[in-house]
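S.K.: Here is a sequence with its predicted model. Questions after.
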Amino acid sequence: MTTQSAPHRRLHIAILVAACLGVYGACLGHRFLGWDDTTHILENPLVNPPALANLPRLWTQATFGLYIPLTYSAWTLLAILSNALLDVIHPAVFHGANLLVHIVNVLLVYRLIGRIGDLAAARGRRSPTPAAVLMGALLFAIHPLQVQPVVWISGLRDTLSAGFGLVALLVHYRLAERTGGDRPWRRDRSRHLLVCVLFAAAVLCKPTAVALLLVVVVIDRWLVGLDWRFIIGTAVPWLAVAIPAAIATKALQPSSSMIVHTPLPYRPVVALDALAFYLRQLAVPLSLLPDYGRAPARLFATSAVYWTWIVPVATGGALFALRRRAPYLAAGCLAATVALAPVLGVIPFSFQDYSTVADQYMYLPLVGLAIAAAGSLRGRTALAVATVVLLGFGVRSFNQTLLWKDDLTLFTRVVAENPLSYAGHDTVARAYSLEGDYERALDHYQKSLAIEPANPASLNNVGETLFRMGAHQQAVAYYELVFARNAPVGNSVSVYAMMHTNNAAALYELGRTDDALLELDVALQLDPSSAPALYTKGAILFNSRRVQEAIPWLERAVHREPFNALFRENLDAARAAVGNR
């Protein structure tokens, strides 16, 4: 039986909390990373500076191509808290929040495994021992694949989404206990409605949480043994949440124009390769990177495509054969697979530009694997082996946590292990640029462009670095060469607008004011709402003593970014200059 005494539960909870703090505690001293953190928080005008007035906009539009309004709302509230406590948006507040959410999730997984075991036992099925439940929860807590979503500030979308999903599962199984697995809507409508609300919250943190619906069906039927009437009666309302969420996400979250869509017949191969990769990482998590470079195009350029599918197919066959002798193992692995379904590549998604696989995608699936582990551990020998394995995982996770302290430390490792990571070279270059080491920055930007010659961000960064070096003539010549060879397409339009803005700044430094203003006209034709272009045009006009002309452009820039101190300062200066005349 799973049920245990209160002292044992308290001891287990203490072990779980201590394991999380010991493994991930170092992240509290880590910085914001250029790998999404600065984009989502520091450079996001809807989050920085933080204001409650911005919350409605987060719920009515996609932000940086993502519709995750609940996660953005959480970041906004954390930024407000950080400002109130420290007078600055400090990464420790965000890291602390993410670690806290993970600890809560670990305790929820511990309770979830126990509740599933109790329900299974009530129906005459085998349930995990209390020690095995602890081991399953520890697997979820400290497996090395958990490092990225826990110590990466942007990983809050994964941890928070899973948190709401786990609470939904716990309430769902409490509902099953109370109703006896029959007619849930007639017996406890308020609790069932709460489950739907929690499921919706999980989806609003990260849309891939819709897969929870399939996870519930797998556990309900093949592990707990609930009646199909109960399963259908509870699944239909979940489906009523999932369908509108999918439609809204599709409408509000535009697809990246950079995606090279894999032909439909080849997508199952991509999915099987991803499963093979995750199986290897679960068993032997030695090389852990934020960018594995396992994009479909690169996969089909190697011989791996011909044999990696064998591993998941063989594993699936073995689990099917063992489904009666090892129900927890089979059902837990199936639950993990369906949780992964939205990001296996059958449906294309934007991160496939870099890689189909990523550590953060395993956060929710590891719940299923924790259930599988807890139900499969029998006897002292198995528990002893599991303890040794978990200690190894803990050490590996601790060392991996240290790598995530800053961009240079992490992505130097990335480009060493994956030299074809153009995003890795970009991130290393930005880190060197911030340190003023422009020569090294240029070297890595050029390596990035050698891998992905048409990447707009890298093209812009080279010119921007030349500008910062004071090589204005070189920057202008470089940008003109880029414009002659490339044309903006889809989502790259805004980046090209930024390139024309930077080129205008270089032209102005060379004394070519009229050419600079013409270049800004091009930038604003590409992106009429570009705040940098609006501000740069206003600033050039102001510095050219065309103050009356400058004010409308500066006003438009401030309207786009009302909390930008530099924009407001120049607008106030222009208005004061007019008033003094």
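M.R.: Structure's in. What do you need?

S.K.: List the buried residues of stretch 318-333.
M.R.: If you call a residue buried by 16 or more other CB atoms under 10 Å, then stretch 318-333 has these buried ones: 319, 326-333. Every C-beta, even on glycine, is put in place using the N, C-alpha and C of the backbone.

S.K.: Residues touching that stretch, excluding its own?
M.R.: Stretch 318-333 is touched from outside by 125-126, 128, 218-219, 222-223, 315, 334, 368-376, with contacts defined as CB atoms under 8 Å, 6 or more residues apart in numbering.

S.K.: same deal with stretch 266-275?
M.R.: 262, 294, 296, 299-300, 304-305, 308-309, 311-313, 337, 340, 343-346, 348, 356-357.

S.K.: Buried members of those residues into PyMOL, please.
M.R.: In PyMOL, this line selects whichever of those come out buried by 16+ other CB under 10 Å:
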select buried, resi 262+294+296+299+305+308+309+311+312+337+340+343+344+345+348+356+357
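
S.K.: if we can go back for a sec, now the buried members of the contacts of stretch 318-333.
M.R.: 128, 218-219, 222-223, 334, 368-376.

S.K.: Please identify which of the residues you listed is nearest to Pro91.
M.R.: Ala370 (28.8 Å; CB to CB).

S.K.: and the one helix or strand that closest one maps to, what other elements does it pack with?
M.R.: Counting by DSSP states H and E, the element that carries Ala370 is helix 365-376. When contacts are defined as 3 or more CB pairs under 8 Å, 6 or more residues apart in numbering; DSSP states H and E, helix 365-376 sits against helix 91-122, helix 130-142, helix 212-219, helix 327-340.

S.K.: Strands of the stretch 401-550 of the chain, start to end?
M.R.: Using DSSP state E, counting those that start in this stretch, no strands are found in the stretch 401-550 of the chain.

S.K.: Any regions of the stretch 201-350 of the chain where pLDDT drops low?
M.R.: The model of the stretch 201-350 of the chain has pLDDT under 70 over residues 250, 253-260.

S.K.: My error: substitute the chain in the last question.
M.R.: 1-5, 179-188, 250, 253-260, 490-491, 580-581.

S.K.: can we see that at 50?
M.R.: 1, 256-258 (pLDDT under 50).

S.K.: Quick check, central residue of it?
M.R.: For the chain, the residue nearest the mean C-alpha position is Gly155 (4.9 Å; CA atoms, centre = their mean).

S.K.: Once you drop chain neighbours, what's closest to that residue?
M.R.: Take Gly155 and drop its neighbours on the chain: the residue closest to it by CB to CB, 6 or more residues apart in numbering is Pro149, 3.6 Å away.

S.K.: what number of residues lie near the one you found?
M.R.: Burial measure for Pro149: 27 neighbouring residues, criterion other CB atoms under 10 Å.

S.K.: ok, it touching Leu364?
M.R.: No: under the criterion of CB atoms under 8 Å, Pro149 is not in contact with Leu364, lying 9.5 Å apart.

S.K.: any residues in contact with both of these two?
M.R.: Asp158.

S.K.: about what we covered before: in helices, which of the contacts of stretch 266-275 fall?
M.R.: 296, 299, 311-313, 337, 340 (DSSP state H).

S.K.: Can you convert those residues into CSV and add a column each for distance to Ile232?
M.R.: Listed next are the ones in helices among the contacts of stretch 266-275 as CSV, based on distance: CB to CB, whole Å:
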residue, distance to Ile232
Pro296, 36
Leu299, 38
Val311, 34
Pro312, 29
Val313, 30
Thr337, 22
Leu340, 24
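
S.K.: right, and out of those, which lies closest to Ala74?
M.R.: Nearest member of these to Ala74, counting by CB to CB, is Leu340, at 24.1 Å.

S.K.: so what's the closest one closest to, chain neighbours aside?
M.R.: Pro365 (5.0 Å).

S.K.: Could you pull up the contacting residues of Pro56?
M.R.: Here Pro56 is in contact with no residue (CB under 8 Å, 6+ apart).

S.K.: what helix or strand does it sit in?
M.R.: Using DSSP H and E, Pro56 falls within helix 55-60.

S.K.: in that helix, what's buried?
M.R.: Residues of helix 55-60 classed as buried: 55, 58 (neighbour count, 16+ other CB under 10 Å).

S.K.: hmm, back to that, ok, the residue nearest to the centre of the chain to Ala358 distance?
M.R.: 10 Å (CB to CB, to the nearest Å).

S.K.: So for these two, which residues contact both of them?
M.R.: Contacts common to Gly155 and Ala358, judged by CB under 8 Å, 6+ apart, are Gln148.

S.K.: distance of Leu85 from Thr159?
M.R.: 21 Å.

S.K.: higher neighbour count, these two?
M.R.: Thr159 (27 against 11).

S.K.: Only C-alpha atoms, please: export stretch 331-351 in CSV.
M.R.: Output of stretch 331-351 as CSV, limited to C-alpha atoms (Å, rounded to 0.1, in the frame of the first residue of the first chain):
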residue,chain,number,x,y,z
ALA,A,331,1.5,3.2,-18.6
GLY,A,332,4.0,5.7,-17.2
CYS,A,333,6.1,5.5,-20.4
LEU,A,334,3.1,5.9,-22.5
ALA,A,335,2.0,8.9,-20.5
ALA,A,336,5.4,10.5,-21.0
THR,A,337,5.2,9.8,-24.7
VAL,A,338,1.8,11.4,-25.2
ALA,A,339,3.0,14.4,-23.0
LEU,A,340,5.8,14.8,-25.5
ALA,A,341,3.5,14.5,-28.6
PRO,A,342,3.1,18.2,-29.3
VAL,A,343,6.9,18.7,-29.6
LEU,A,344,8.1,15.5,-31.4
GLY,A,345,7.9,17.2,-34.8
VAL,A,346,4.8,15.6,-36.2
ILE,A,347,3.4,19.2,-35.9
PRO,A,348,6.1,21.7,-36.9
PHE,A,349,7.1,24.2,-34.3
SER,A,350,9.4,27.2,-34.3
PHE,A,351,12.3,25.8,-32.2
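
S.K.: Show residues contacting stretch 381-399.
M.R.: 19, 22-24, 26, 131-132, 135, 138-139, 142-144, 146-147, 285-286, 373, 376-377.

S.K.: Separate out the buried members of those.
M.R.: By 16+ other CB under 10 Å, the contacts of stretch 381-399 give 19, 23-24, 26, 131-132, 135, 138-139, 142-144, 146-147, 285, 373, 376-377 as buried.

S.K.: Can you pull the phi and psi angles for Phe563?
M.R.: phi -100, psi 10 (degrees, to the nearest 10).

S.K.: ugh, wrong one, I meant Thr302
M.R.: According to degrees, to the nearest 10, Thr302 has phi -120, psi 170.

S.K.: And it, how far from Gln400?
M.R.: Distance, Thr302 to Gln400, by CB to CB: 26 Å.

S.K.: repeat for Ser421
M.R.: For Ser421, the distance to Gln400 - CB to CB - is 17 Å.

S.K.: more neighbours, those two?
M.R.: Each of Ser421 and Gln400 has its neighbours counted (other CB under 10 Å); Ser421 has more, 26 against 23.

S.K.: give me the number of residues near Met469?
M.R.: Neighbour count for Met469, taken as other CB under 10 Å: 16.

S.K.: make that Gly65, sorry
M.R.: Neighbours of Gly65 (other CB under 10 Å): 12.

S.K.: wait, it sits on Ser350?
M.R.: Yes: with contact defined as CB under 8 Å, Gly65 reaches Ser350; the gap is 6.7 Å.

S.K.: That's all I had, so thanks and see you.
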